[in-house]
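**Student:** below is the structure, and that's it, no one-letter string:
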């Protein structure tokens, strides 16, 4: 197994008033506070980009001697238009050219950080949800394949690409042959499943990819349950802290039994995401609130933070 079984979680530490879009990042002390929380319960942490937040996180883990292993990603932007995206997948030609140049720089920075922190970074991802039909940052599969080859040629860590499970079944066949392991995302509640259908749907998503690629390790790099919704894409009746707790417990039991590495989405709520609407579901996937107090799913594990 390329990535041995451990508890894993997705992390992005943007707090109120901060966002990558505005270029306002968490401070060193804020990221340190977060990583000290995560270290108590998880071994693997997924970071999405090679930005200042990631650089500080790696510095803190090394300096403080934290027992964490990082999956580091390069968040690549749109290189072609996607007219299927309902919230803006069409860009100017200049933007697409600029993005392509920026993506290459991001991949080169991913390589640099992987070689700078070889004891902390245990896997690398060349992108996130950049090939699925609804993405607003579409990248051709051949570009992603080239990025994987660039990274593999200059690093020692295993390389992957993180994507919804569906494209792996057809569109990403050429990519599946060059990555070291396949990373899938599974979100039953985004696909209108209720809590009683949820874990079986996740199992089915995993198994259909695993059966297609029996020679590859399949890692779940996103799976989670929102705790609030304004009805945009998710039925409000399907989300609550009780349902998040139920899905999390079912997911962890299944992962333990089958030794499937699963990065739970996500550690902390992030208010910068999605629309300004407070109940926008994108803001409410955290196992902790934005003030770092635990939700129901974590209040027994982190009773000292309640």
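**Tutor:** Sure thing, it's come through. All figures in this text were calculated on a predicted structure; none of them were measured in a lab.
**Student:** residues near residue 17, how many?
**Tutor:** 9 (other CB atoms under 10 Å). For every residue, glycine as well, the C-beta is placed using N, CA and C.
**Student:** over to residue 116?
**Tutor:** The tally of other residues near residue 116 (other CB under 10 Å) stands at 12.
**Student:** quick one, what contacts it?
**Tutor:** residue 58 (CB atoms under 8 Å, 6 or more residues apart in numbering).
**Student:** let me know the pLDDT of it.
**Tutor:** Predicted confidence (pLDDT) at residue 116: the value is 98.
**Student:** can you check residue 174 too?
**Tutor:** Residue 174 is assigned 98 on the pLDDT scale.
**Student:** now it: which helix or strand?
**Tutor:** Here residue 174, judged by DSSP states H and E, is contained in helix 173-176.
**Student:** run through who's touching that helix.
**Tutor:** Against helix 173-176 from outside (CB under 8 Å, 6+ apart): 141, 142, 144, 145, 148, 161, 168, 182, 213, 216.
**Student:** now do the same contact list for the last one.
**Tutor:** For residue 216, the contacting residues are 176, 179, 181, 182, taking CB under 8 Å, 6+ apart as the criterion.
**Student:** cool, the second one as well?
**Tutor:** If you count contacts by CB under 8 Å, 6+ apart, residue 142 has them with residue 174.
**Student:** re the thing from before, top of the contacts of helix 173-176 by neighbour count?
**Tutor:** residue 161 leads those on contacts (other CB under 10 Å) with 31 neighbours.
**Student:** quick one: the strands in this protein?
**Tutor:** 8-10, 44-47, 69-73, 121-128, 159-164, 182-186, 218-223, 262-264 (DSSP state E).
**Student:** any chance of TSV for those, columns mean pLDDT?
**Tutor:** Output for the strands of the chain, formatted as TSV (pLDDT from 0 to 100):
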stretch	mean pLDDT
strand 8-10	98
strand 44-47	98
strand 69-73	98
strand 121-128	98
strand 159-164	98
strand 182-186	98
strand 218-223	98
strand 262-264	98
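**Student:** could you dump these to TSV with distance to residue 35?
**Tutor:** Below are the strands of the chain laid out as TSV (distance: least, CB to CB, whole Å):
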stretch	distance to residue 35
strand 8-10	11
strand 44-47	8
strand 69-73	10
strand 121-128	14
strand 159-164	21
strand 182-186	22
strand 218-223	19
strand 262-264	15
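**Student:** now for those, which one comes closest to residue 96?
**Tutor:** Across those, residue 96 has its closest neighbour in strand 121-128 (15.5 Å, CB to CB).
**Student:** which of the residues in that closest one are buried?
**Tutor:** Buried residues in strand 121-128, defined by neighbour count with 16 or more other CB atoms under 10 Å: 121, 122, 123, 124, 125, 126, 127, 128.
**Student:** how many neighbouring residues does the residue nearest to the third one when sequence neighbours are not counted have?
**Tutor:** Ranked by CB to CB, 6 or more residues apart in numbering and with sequence neighbours excluded, the top spatial neighbour of residue 123 is residue 71, at 4.6 Å. As a burial measure, residue 71 scores 26 neighbours (other CB under 10 Å).
**Student:** kindly report the same for residue 276.
**Tutor:** Neighbourhood size, residue 276 [other CB under 10 Å]: 6.
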